[in-house]
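Peer 1: Sequence first, predicted coordinates after that:
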Amino acid sequence: MIHTLPSDLQEFARASLARGDYASETDLIVHAVRVLRNLKRQHERLKNDIQQGMDELDRGEGRPLDIEAVKRRVQKSCEAKGIAD
């Protein structure tokens, strides 16, 4: 099946198989399709979340962004991960 891929993808697939990342072409393709399916699901959830937020704003339910609170949350998260300044 790899022979039906564009040359750049053929090279990537062959290298992945040569490294032993996948046992067969079928395993590689199954993994690729699962990744695509998951990305599409994530995209759909994101679209729904954005639409929900837009609907809330349209109903006047929005509130101003507290940038200082956001900075504190990011700083705390970074510190927890050991990546703080």
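Peer 2: Yep, it's here. Residues are numbered from 1 along each chain as shown.
Peer 1: only C-alpha atoms for contact and neighbour calcs from this point on.
Peer 2: Will do.
Peer 1: Which elements pack onto the longest helix anywhere in the chain?
Peer 2: Selection of the longest helix in the chain by residue count, based on DSSP state H, yields helix 25-58. The contact analysis (3 or more CA pairs under 8 Å, 6 or more residues apart in numbering; DSSP states H and E) places helix 25-58 against helix 7-19.
Peer 1: angle of the helix it packs on against helix 25-58?
Peer 2: 120 degrees (axes from the mean of the first three to the mean of the last three CA atoms, to 10 degrees).
Peer 1: just to revisit the earlier point, now the longest helix of the chain, how far from the centre of its chain.
Peer 2: Taking the mean of its C-alpha atoms, helix 25-58 sits 8 Å from the chain's own mean (CA atoms, centre = their mean, to the nearest Å).
Peer 1: List the buried residues of it.
Peer 2: residue 28 (16 or more other CA atoms under 10 Å).
Peer 1: phi, psi of the residue in the chain sticking out farthest from the centre?
Peer 2: Relative to the centre of the chain, and counting by CA atoms, centre = their mean, the farthest-placed residue is residue 60 at 30.5 Å. Main-chain dihedrals, residue 60, degrees, to the nearest 10: phi 80, psi 20.
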